[in-house]
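> Following is a predicted model, sequence given first.
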Amino acid sequence: MAEIQFSRGITEPVVPDVRLTKSRTGEQGKASFYFEKPAILGNEVNEEVTGLYMIDEEGEIVTREVKAKFVNGKPEALEAIYIMNSTAEWDRFMRFMERYSEANGLGFIKAEAE
């Protein structure tokens, strides 16, 4: 079980594009999420976006860094950023992503080093 929510108790069915970066020392990292036309922004949902909640059997990872992208005055996408400040936070996030990827059919492509 691994799911993402923008409002507690409402699972987001749209699977995001996720990009990961890690510092050269490996101590810090950043995950950028991009949700195109997420259900939380649809007409059927009247809940407020309160953060990005990544929930699995280990518990919950939370970020409040969520921004909406508007096109012609209408919300079209949500972007979220999760910052990891330690190896332990990176490892915990990766365990969540493994579960979430397995549950949602995501793949991993490693970027070429420059």
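Received, thanks. Everything numeric in this text was worked out from a predicted model, so none of it was measured. Numbers count the residues shown, from 1 in each chain.
> Please count neighbours and contacts with C-alpha atoms only from this point.
Will do.
> show me where this protein has strands.
2-7, 10-11, 17-22, 29-36, 52-56, 59-63, 66-71, 74-84 (DSSP state E).
> so can I have JSON lines of those strands showing mean pLDDT?
Listed next are those as JSON lines, based on pLDDT from 0 to 100:
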{"stretch": "strand 2-7", "mean pLDDT": "96"}
{"stretch": "strand 10-11", "mean pLDDT": "93"}
{"stretch": "strand 17-22", "mean pLDDT": "92"}
{"stretch": "strand 29-36", "mean pLDDT": "96"}
{"stretch": "strand 52-56", "mean pLDDT": "97"}
{"stretch": "strand 59-63", "mean pLDDT": "97"}
{"stretch": "strand 66-71", "mean pLDDT": "93"}
{"stretch": "strand 74-84", "mean pLDDT": "94"}
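> right, and these - which one's nearest Arg92?
Arg92 lies closest to strand 59-63 among these, at 8.7 Å (CA to CA).
> What are the neighbouring residues in contact with the residue nearest the centre of the chain?
Nearest to the mean C-alpha position of the chain, by CA atoms, centre = their mean, lies Phe33 at 4.5 Å. By CA atoms under 8 Å, 6 or more residues apart in numbering, the contact list for Phe33 reads 16-19, 78-81.
> Go again with 6 Å.
Going by CA atoms under 6 Å, 6 or more residues apart in numbering, Phe33 touches 16-18, 79-80.
> Can you tell me, leaving aside adjacent residues, what's nearest to Trp90?
Among residues not flanking Trp90 along the chain, Met84 sits closest, at 5.7 Å (CA to CA, 6 or more residues apart in numbering).
> beta partners for that neighbour?
Gly29 (DSSP bridges).
> Would you confirm that it contacts Gly26?
No. Using CA atoms under 6 Å, Met84 makes no contact with Gly26, being 10.2 Å away.
> ok, the two, which is more surrounded?
Met84 (18 against 12; other CA atoms under 10 Å).
> Glu36 versus that one, what's the distance?
Counting by CA to CA, to the nearest Å, the gap from Met84 to Glu36 is 24 Å.
> buried stuff in stretch 56-73?
56, 61, 66, 68 (16 or more other CA atoms under 10 Å).
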